[in-house]
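Trainee: how does the following fold in three dimensions:
(one chain, ligands or ions: 2)
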Amino acid sequence: LFAGEVEFLKGVVAMSGLPPADRPEVCFAGRSNVGKSSLINALTGRKGIARASNTPGRTQEINFFTLGDSYYLVDLPGYGYANAPVQVVAKWQALLKQYLQGRQTLRRAFVLIDARHGVKAVDEEIMALLDSAAVTFQCVLTKTDKVKAADRDPVLAQVRAALARHPAAFPEIVLTSSEKGDGIATLRGIVAGID
Ligand code: GTP
Ligand code: MG
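Mentor: Ligands and ions are numbered 1, 2, ... in the order given. This next block holds a predicted model:
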């Protein structure tokens, strides 16, 4: 599914620009800088197909990638702090919420959580929004290469406790490092199993 058939389709700045809802779609949501774009690069094996950078607020549009004819992968702007003007950020946030609540073909939202920081209040807000829109979501811990194994357990426990409060949450948490490749094959398998 992921072998050599990934293409960037378009960046969208308004709901009217969304591509036709004609195939299943999965999206990657999370706080600014959590590693959404890097994860898409790792999953697709195409470094740089999604633009990543250390500046929070790098992704400013809803970016659609096609996986053959069978799926859309969607890279979202981050929520929370972004290095951009307030009004601009407010516009992406509104679009992000409209998209998460209103996209008929959205099969699963992956909510990325930094393995060093755990679930924050803004993540809880997005999870509550997904609950109310009845969009199944699954947590992916990112940047696991930056934490020692021993420091991971309390974060995992905190994430599990948060998920238990959200009816739309899928219980399995995926641990990943886009840098080292850990968990990437597992996540590929999960995406490939969504229909
Ligand atoms: P926005 O588009 O700004 O919301 O950010 P994003 O969530 O798309 O994050 P992005 O992929 O741009 O990554 C942010 C920074 O984290 C970059 O400097 C990445 O190189 C770094 N990063 C992402 N994933 C990993 C990882 O698994 N390990 C490490 N060590 N760094 C990572
Ligand atoms: Mg990004």
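Trainee: ok, which residues in the protein are in contact with ligand 1?
Mentor: Residues of the chain lying near ligand 1 by C-beta under 6 Å from any ligand atom: 30, 32-38, 52-54, 56-59, 77-78, 142-143, 145-146, 177-179. Where C-beta positions appear, they are placed from N, C-alpha and C, glycine not excepted.
Trainee: can I get the buried part of these as one PyMOL selection?
Mentor: The buried residues among these can be selected in PyMOL (16 or more other C-beta atoms under 10 Å) with this line:
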select buried, resi 30+32+33+34+35+36+37+38+52+56+57+58+59+77+78+142+143+177+178
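Trainee: out of the residues of the chain next to ligand 1, name the ones that lie in helices.
Mentor: Assigned to helices by DSSP state H, the following of these qualify: Lys36, Ser37, Ser38.
Trainee: hmm, back to that, among the residues of the chain next to ligand 1, name the ones in strands.
Mentor: If you go by DSSP state E, the residues of the chain next to ligand 1 have Gly30, Thr142 in strands.
Trainee: so how far is stretch 105-114 off the chain centroid?
Mentor: Here stretch 105-114 is found 5 Å from its chain centre; the criterion is C-alpha atoms, centre = their mean, to the nearest Å.
Trainee: does that stretch reach ligand 2?
Mentor: No - counting by C-beta under 5 Å from the ion, ligand 2 has no neighbours in stretch 105-114; the shortest distance is 10.1 Å.
Trainee: name the residues of that stretch that are buried.
Mentor: Buried, per 16+ other C-beta under 10 Å, within stretch 105-114: Leu106, Arg107, Arg108, Ala109, Phe110, Val111, Leu112, Ile113, Asp114.
Trainee: for this structure, identify the residue most remote from the centre.
Mentor: Here the chain reaches farthest from its C-alpha mean at Ala150, the gap being 25.4 Å by C-alpha atoms, centre = their mean.
Trainee: the bottom helix or strand of the chain by mean pLDDT?
Mentor: One helix or strand of the chain scores below all others by mean pLDDT, DSSP states H and E: helix 86-102, with a mean of 91.
Trainee: re the thing from before, closest to Asp123 among the ones in helices among the residues of the chain next to ligand 1?
Mentor: Nearest to Asp123 among those is Lys36, at 12.8 Å by C-beta to C-beta.
Trainee: what's the least confident helix or strand of the chain packed up against?
Mentor: Packing contacts for helix 86-102, counted by 3 or more C-beta pairs under 8 Å, 6 or more residues apart in numbering; DSSP states H and E, involve strand 25-30, strand 62-67, strand 106-114, helix 121-133.
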